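Chemist: fold the following, please.
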Amino acid sequence: MSVLFQLFTLAKIGFTCSKINYMTSQELRQKFLNFFSAKGGSASGGKGHTIVPSSSLIPENDPSVLLTTAGMQQFKPYFTGAADPMKDNHLSFGHPLGNKNVASVQKSFRTSDIDEVGDDTHLTFFEMLGHFSFGDYFKKETIAWTYELLTEEFKISPERIRVTVFGGDKSVPFDEESFSVWSKVLPKDKIGKGVRADNFWGPVGSEGPCGACNEVYVDDVEVATLVFVEYYSKVDGSLEKLDQKGVDVGWGFERLIVKLQGLKNVFETDLFTPIMSLLPNDLDERKKRIIADHIRAISFLVSDGLRPSNKEAGYVLRRLMRRIISYGEINFSILIHKVVEVYSIYYSELNEGIINSEFHDEYSKFKKTLARGLRKFNEITETYMNGKLTDRCLSTYAVFDLYQSDGFPFDLIKEKAKERGLDVDEVAFQRMLEGHQKLSRTSSVGTFKGGLVDHEPQTIKHHTAHHLLLAALRQVLGNHVLQRGSNVSSERLRIDFAHPEKVTAEQLKKVEEIVNKAIESDLEVKKEEMPKVEAEKLGALAEFGAKYGDTVSVYTILNKDGSVFSREFCGGPHVNRTEEIGNFKIIKEEAVAAGIRRIKAKSEK
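Modeler: A predicted model of the protein is given here:
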């Protein structure tokens, strides 16, 4: 980027050169690492950290996530105390870290933001600057270095900085130490007290390390989170102090570079302008941003060994590829070349040949489906666009036919509809999809109100075990877990449920234990007929997509103390007591769609 262009950009948005310390993205990475390096290399560097390379976007031995989402993931064993950084080999390096303090620039990916990409802030692939301590320094040093980095290295005026610390609750006290340290460098009106949702991190999953955190803002944009790991959260939510305290600090690299380059959004920075400049001028800004974001993400995912598929992380990659392919005839090879050119200075693993090969293989596969689907989509939407239909919501039957018969991705249907000012009823689509899946099984099962199940004794046992399983999943993973599909037979049971990430082996074991304990306790299974409104007040869970009359059947499984283990709308049939079910075993856990997981299980005497 030329000096003249930089000055023009700054003037355009009302900044003067005296207000910012312009820094390229590569300079920022290096300045951060120099600051924390054991050797130093910056004016105030030499903080005694070992510089560790980024781990792969494909997690190693970490089934809790599809892809690497943060810099701390490769260091989890050191935070929990399961591994010693001074003695035990690191998975990626094959030798001990040899230091309790490390720093890194980590490649990261979050699937939750895919639909938001195109605005000023959201990305799929991003980088995190991080420094970590496993039982060495704690709050005082971390806060002091954060302020020093911001003001002395990045030349950010203190007036632009504010922070929040944990304000305390019934389980964890107010973080008085952090407040006190920050008070030495910032006015107290710049130090807020946050609630648990904002200023307490973890655990990831049902149990694990956690602790209070500080959030650091520049111009009211969060640029860093300082996590002070000092507790272990048990499954029941109770906390116990860890033997070893830890520090996990993550800086939002892209957010920080926006501030240091004095720009409005990340797509104006030197991370994106070389890519954006190669896109057709007649393409709207939102699509340009999506393409630039996705081509970066695709390049890194493929170079780290991921391949497009219909399952889990491979499905995420396929979704990114097919989304930008649908935007028309674009020279993707030149975009991939530019990504590699811009980023290989720091990430030498980027492989232009492999990226091109995988992308264009997917391109060839999808083009035929895309052409056929677009023709049919245009035919469907024509009656809406010419005013013959006043309803702006596409027929769910037409949407489902596009998806089922023509292989047109539902995400793409939504996006294309939105471009034309039309809506898609996602809930109705999911109901129709589930109904189709059930109808496909009617040749082998019988029907009753509330589900499709035969009346074989083993099927009835599996049906009750299905209720126990859903309740156990909500105990372990959280109350966001809701049924999104099911199938019960004499061979096994299956439940599809809403959950944003892979269920870990440890979590599955806990779920299995809870179900078997309920079975061994020989709990009563109680059926009641009641008004629907009363069942809803009692908290009974409804089957996804099912319609109910004013009077419903509710099955409740009671604990020995009379409390509710499970309560669901259901038409039966069920066992009378859980002991009849026999030993419960989870067979498989997998992804079936974005945010939807599937578990298959069975029971036997």
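
Chemist: export stretch 193-200 to CSV, keeping only CA atoms.
Modeler: Output of stretch 193-200 as CSV, limited to C-alpha atoms (Å, rounded to 0.1, in the frame of the first residue of the first chain):
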residue,chain,number,x,y,z
LYS,A,193,-17.7,-4.0,36.4
GLY,A,194,-19.1,-6.7,34.1
VAL,A,195,-21.5,-9.6,34.8
ARG,A,196,-20.7,-13.3,34.5
ALA,A,197,-21.8,-13.6,30.9
ASP,A,198,-19.2,-11.0,29.8
ASN,A,199,-16.4,-11.2,32.3
PHE,A,200,-16.2,-14.9,33.3
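
Chemist: gap between that stretch and the chain center?
Modeler: Computed by C-alpha atoms, centre = their mean, to the nearest Å, the chain-centroid distance of stretch 193-200 equals 20 Å.

Chemist: list the buried ones in it?
Modeler: Within stretch 193-200, the residues scored as buried using 16 or more other C-beta atoms under 10 Å are G194, N199, F200. For glycine as for every other residue, the C-beta is placed from the backbone atoms N, C-alpha and C.

Chemist: now swap in stretch 359-373 and tell me
Modeler: Buried residues in stretch 359-373, counting neighbours by 16+ other C-beta under 10 Å, are found at F359, E362, Y363, F366, L370, G373.

Chemist: the last one is in contact with F410, isn't it?
Modeler: In other words, G373. No. Counting by C-beta atoms under 8 Å, F410 is not a contact partner of G373; they are 11.1 Å apart.

Chemist: let me see the ranges of the helices in the stretch 501-605 of the chain.
Modeler: For the stretch 501-605 of the chain, the helices defined by DSSP state H, counting those that start in this stretch cover 505-520, 532-537.

Chemist: just say which of these is most tucked in.
Modeler: helix 505-520 (a mean of 19; mean count of other C-beta atoms under 10 Å).

Chemist: what strand or helix carries K367?
Modeler: Secondary structure from DSSP states H and E places K367 in helix 352-385.

Chemist: mind giving me the packing neighbours of the helix or strand that that helix is followed by?
Modeler: Helices and strands here follow DSSP H and E; after helix 352-385, the next one along the chain is helix 396-406. The helices and strands touching helix 396-406, judged by 3 or more C-beta pairs under 8 Å, 6 or more residues apart in numbering; DSSP states H and E, are helix 352-385, helix 410-419, helix 426-439.

Chemist: mean confidence score for stretch 400-420?
Modeler: Stretch 400-420 shows an average pLDDT of 81 in the prediction.

Chemist: how about stretch 355-371?
Modeler: 90.

Chemist: over to stretch 118-130?
Modeler: Mean per-residue pLDDT for stretch 118-130: 94.

Chemist: may I have that stretch as CSV, with CA atoms only?
Modeler: The C-alpha trace of stretch 118-130 is given here as CSV (Å, rounded to 0.1, in the frame of the first residue of the first chain):
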residue,chain,number,x,y,z
GLY,A,118,-20.4,-9.3,4.6
ASP,A,119,-20.9,-6.7,7.3
ASP,A,120,-18.0,-4.6,8.8
THR,A,121,-16.8,-7.0,11.4
HIS,A,122,-17.6,-10.7,11.0
LEU,A,123,-15.1,-13.2,9.6
THR,A,124,-14.8,-17.0,9.3
PHE,A,125,-11.0,-17.3,9.3
PHE,A,126,-9.1,-14.9,11.6
GLU,A,127,-5.9,-14.7,13.6
MET,A,128,-5.4,-14.4,17.3
LEU,A,129,-2.4,-12.9,19.0
GLY,A,130,-2.0,-14.7,22.3
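
Chemist: may I see the buried residues of it?
Modeler: Across stretch 118-130, burial judged by 16+ other C-beta under 10 Å covers G118, H122, L123, T124, F125, F126, E127, M128, L129, G130.

Chemist: repeat that for stretch 160-172.
Modeler: Judged by neighbour count (16+ other C-beta under 10 Å), stretch 160-172 contains these buried residues: I161, R162, V163, T164, V165, F166, G167, G168, V172.

Chemist: what's the spacing between the first one and L186?
Modeler: Spelled out, that is I161. I161 sits 7 Å away from L186, taking C-beta to C-beta, to the nearest Å as the criterion.

Chemist: what sits in contact with each of these two?
Modeler: Y147 (C-beta atoms under 8 Å, 6 or more residues apart in numbering).

Chemist: what segments of the stretch 151-300 of the chain are strands?
Modeler: Here the stretch 151-300 of the chain has its strands, by DSSP state E, counting those that start in this stretch, at 161-166, 191-194, 200-201, 208-218, 221-233, 239-252.

Chemist: switch the ones you listed over to TSV; also include distance to H49 and mean pLDDT.
Modeler: Output for the strands of the stretch 151-300 of the chain, formatted as TSV (distance: least, C-beta to C-beta, whole Å; pLDDT from 0 to 100):
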stretch	distance to H49	mean pLDDT
strand 161-166	22	97
strand 191-194	26	96
strand 200-201	21	92
strand 208-218	19	93
strand 221-233	15	94
strand 239-252	11	92
